[in-house]
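Undergrad: When you get a sec, could you give me coordinates for this:
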Amino acid sequence: MLPSVKIMQISSELASQTISKYVVGEALWRKGIDHNPHQLFIDAWATGVWTRQYGLISYKAIAEVLSLIAENKAEALAVEQRSSNLWLVDSAQGNGKYFVMRSGKYLSCSCPKFRCWQKRLGKECPQLLQALGGVFCHHTFAIQKQLK
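TA: Coordinates of the predicted model:
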């Protein structure tokens, strides 16, 4: 019998960016679990992401995969500093540039992914936001790399 746990109501837009079969599959692979990502059935619970085949995956494990993906995408992005607190960063798809702004220690980005996470994560999946340590995207990772 499954434990009584609240199932989260995550929008399809946010789910496709955070708990997709690709992301969950990568988290399973990192745990050494051989699987077929096309056969995964996923539900977002208050305690983590439930896969019917492999059980619960923590939001911490999902956050690690999302950070790794952002870090890897950031490696190839060209950055142009416009002022001490403003940068233009290439799109990963090569179809434009996004503004990354710094306010104190906080970086924000004008890309759709960052705006979606900023708008939805705290409301729809605060446990994942906590595990992530804040909102980010590969553009902000590119700037963080430069600032180190």
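
Undergrad: ranges for the helices of this protein?
TA: Using DSSP state H, the helices of the chain run over 12-18, 21-30, 59-74, 112-124, 126-132, 138-147.

Undergrad: okay, the ones you listed in CSV with distance to I42 and mean pLDDT next?
TA: All C-beta spots, glycine's among them, are computed from the backbone N, C-alpha and C. Formatted as CSV, the entries for the helices of the chain read as follows, by distance: least, Cβ to Cβ, whole Å; pLDDT from 0 to 100:
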stretch, distance to I42, mean pLDDT
helix 12-18, 8, 94
helix 21-30, 6, 94
helix 59-74, 10, 97
helix 112-124, 15, 96
helix 126-132, 13, 96
helix 138-147, 23, 93
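
Undergrad: Quick check, central residue of the protein?
TA: L66 (4.1 Å; Cα atoms, centre = their mean).

Undergrad: rewinding a little: out of the helices of the chain, nearest to R82?
TA: Judged by Cβ to Cβ, the one of these that comes nearest to R82 is helix 138-147, at 11.6 Å.
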